[in-house]
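Student: Next comes the sequence, and after it the predicted model I'd like to discuss.
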Amino acid sequence: MGDKMEFSDEEKHEMLRAFTNLLKDANGKGPKNIYIKYLKHEVHIVMQGVVSDFEKHLIKNFGNEAIKVFTDFYERDSFHSEIRFLEILNHKYKFKFYKLDSDFENDLFVYKMKII
């Protein structure tokens, strides 16, 4: 199997579309940029352009205090996102969310799941 878990192009497209739709449902719009890194035992969904204008406003005015609150909310919501993501894919794959890397200032997030 080498260094990466193998998914067909169709499966990769299906996963990308599912996560993009999940973000559209949650935010009313999709991310500006999204791609998936397929590793041997993990899938990382890299997203940019998901922070709302209001969140940007609060970050600008309240800095780290706002970032701390948003980080907590985003991380808690990530567990719900795993459930919705797997439902959209009809539980065809077995993934388990374990970490969200958040960079609010650059509007860059990495949603990390283990392949189980």
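Tutor: It's in.
Student: Can you list the low-confidence ranges for the protein?
Tutor: 1-5 (pLDDT under 70).
Student: Can you list the neighbours in contact with the longest helix seen in it?
Tutor: In the chain, with assignment by DSSP state H, the single longest helix is helix 64-88. Helix 64-88 is touched from outside by 18-19, 21-22, 25-26, 55, 58-59, 93, 95-97, 100, 102, 104-105, 109, 111, 113, with contacts defined as C-beta atoms under 8 Å, 6 or more residues apart in numbering. For the C-beta atoms, the positions are set from N, CA and C on the backbone; glycine is no exception.
Student: Pull out the buried residues from that helix.
Tutor: Using 16 or more other C-beta atoms under 10 Å as the test for burial, helix 64-88 gives 66-67, 70, 74, 78, 81-82, 84-86, 88.
Student: got TSV for those residues, with distance to residue 45 too?
Tutor: Converted to TSV, the buried residues of helix 64-88 look like this (distance: C-beta to C-beta, whole Å):
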residue	distance to residue 45
66	24
67	21
70	18
74	13
78	10
81	9
82	11
84	13
85	9
86	13
88	13
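Student: Am I right that residue 45 falls within a helix?
Tutor: No - per DSSP: H, G, I helix; E, B strand; the rest coil, residue 45 lies outside any helix segment and is strand.
Student: How much space separates it from residue 65?
Tutor: Separation of residue 45 from residue 65 (C-beta to C-beta, to the nearest Å): 27 Å.
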